[in-house]
Each structure stands twice: as structure tokens, then as C-alpha cells.
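> structure here, sequence nowhere to be found:
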């Protein structure tokens, strides 16, 4: 089985065939998707009524992600 190296250095298995990842939600704007291999961060963009496409996250969304990650690390550290 082939392996891929993530930015962190961790290696993960690569499947032979691609799979679809699906998230069912009533609030698609709350989601960001992070590619740990390329560091691309994706967000849904509404094109029309109920029609969504992927786009790169904006600077504002990236800052929001950073604030959330810092907060989560602080909480984890406090729990130790």
C-alpha cells in the first residue's frame, strides 16, 4: 500500500481508489476542510439556491481557524 507524508511528517496510507467524503449539515458555512498534505483549506461557497462549490478559505476564515486552534490547544493544556 502506498503512503503519503503529511506536512507534520506523519505518514498515512493511500487507498487504491478515491472515496467521497460527505457531511450532512443544516449550516454549511460553519465548516472548513483542511488538507494536511498540501495545507490547502477549503470552504463551501454558495453559487445559487442550494448549489455549493468548493473554494479556498479567505484570510478572515484562516484567522478564525487559527483562533480556534489556539483556543483548543489552551484548553487541552489546562486539562493536563
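That came in fine, so what should we check first? Nothing here was measured: the structure is a model prediction, and the numbers come from that model. Residues are numbered from 1 along each chain as shown.

> excluding its backbone neighbours, what's nearest residue 54?
Nearest residue to residue 54, sequence neighbours excluded (Cβ to Cβ, 6 or more residues apart in numbering): residue 42, at 5.0 Å. For every residue, glycine as well, the C-beta is placed using N, CA and C.

> relative to the helix or strand where the one you found lies, what are the paired strands and their orientations?
Taking DSSP states H and E as the criterion, residue 42 maps to strand 41-48. In the sheet containing strand 41-48, its partner strands are strand 32-34 (antiparallel), strand 51-56 (antiparallel), by DSSP bridges.

> what mean pLDDT does that strand get?
Averaged across strand 41-48, pLDDT comes to 84.

> could you list the buried residues of that strand?
If you call a residue buried by 16 or more other Cβ atoms under 10 Å, then strand 41-48 has these buried ones: 43-44.

> helices along the protein, start to end?
With DSSP state H as the criterion, the chain has helices at 59-79.

> ranking the strands paired with strand 41-48 by mean pLDDT, which is last?
Of all those, mean pLDDT reaches its minimum on strand 51-56 (a mean of 83).

> so who does residue 80 touch?
Contact criterion Cβ atoms under 8 Å, 6 or more residues apart in numbering gives no residues in contact with residue 80.
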